[in-house]
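Peer 1: Fold the following.
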Amino acid sequence: MHRFDYRGDPGTMLIDLTGSHVWDASSVATLDAITTKYARYGKTVRIVGLNPASAERHARLAGRLGP
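Peer 2: Next up is the predicted model:
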């Protein structure tokens, strides 16, 4: 989350999670935080490569974990 250049990166960011697994709500919350930070600079994030279980978990929880 801290290694991205939110201000300097291109307008559309692709995060490839091929070979990764979103295990729990904290993983989804981290992806949400990254997406939110990019949005502050008018940028969009595409998350690709999720396996079916991770995609379901992300779809179910994304945007629902914040304050």
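
Peer 1: The helix or strand harbouring residue 58 - what's its average pLDDT?
Peer 2: Assigned by DSSP states H and E, residue 58 falls within helix 52-61. Averaging pLDDT along helix 52-61 gives 94.

Peer 1: what do you get for stretch 16-36?
Peer 2: Rounded mean pLDDT across stretch 16-36 is 94.

Peer 1: what about the strands in this structure?
Peer 2: For the chain, strands defined by DSSP state E occupy the ranges 12-16, 44-48.

Peer 1: same for the first one, what does it pack against?
Peer 2: With contacts defined as 3 or more Cβ pairs under 8 Å, 6 or more residues apart in numbering; DSSP states H and E, the packing partners of strand 12-16 are helix 25-40, strand 44-48. All C-beta atoms are positioned from the backbone trio N, CA, C, and that covers glycine.

Peer 1: if we can go back for a sec, in a markdown table: the strands of the chain, plus mean neighbour count and distance to residue 54.
Peer 2: Shown next, in a markdown table, are the strands of the chain (neighbours: other Cβ atoms under 10 Å; distance: least, Cβ to Cβ, whole Å):
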| stretch | mean neighbour count | distance to residue 54 |
| --- | --- | --- |
| strand 12-16 | 13 | 12 |
| strand 44-48 | 14 | 10 |
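
Peer 1: These: which one's closest to residue 58?
Peer 2: The closest of those to residue 58 is strand 44-48. By Cβ to Cβ, the value is 7.0 Å.

Peer 1: What angle do helix 52-61 and the closest one make with each other?
Peer 2: Orientation note: strand 44-48 sits at an angle of 150 degrees relative to helix 52-61 (axes from the mean of the first three to the mean of the last three Cα atoms, to 10 degrees).
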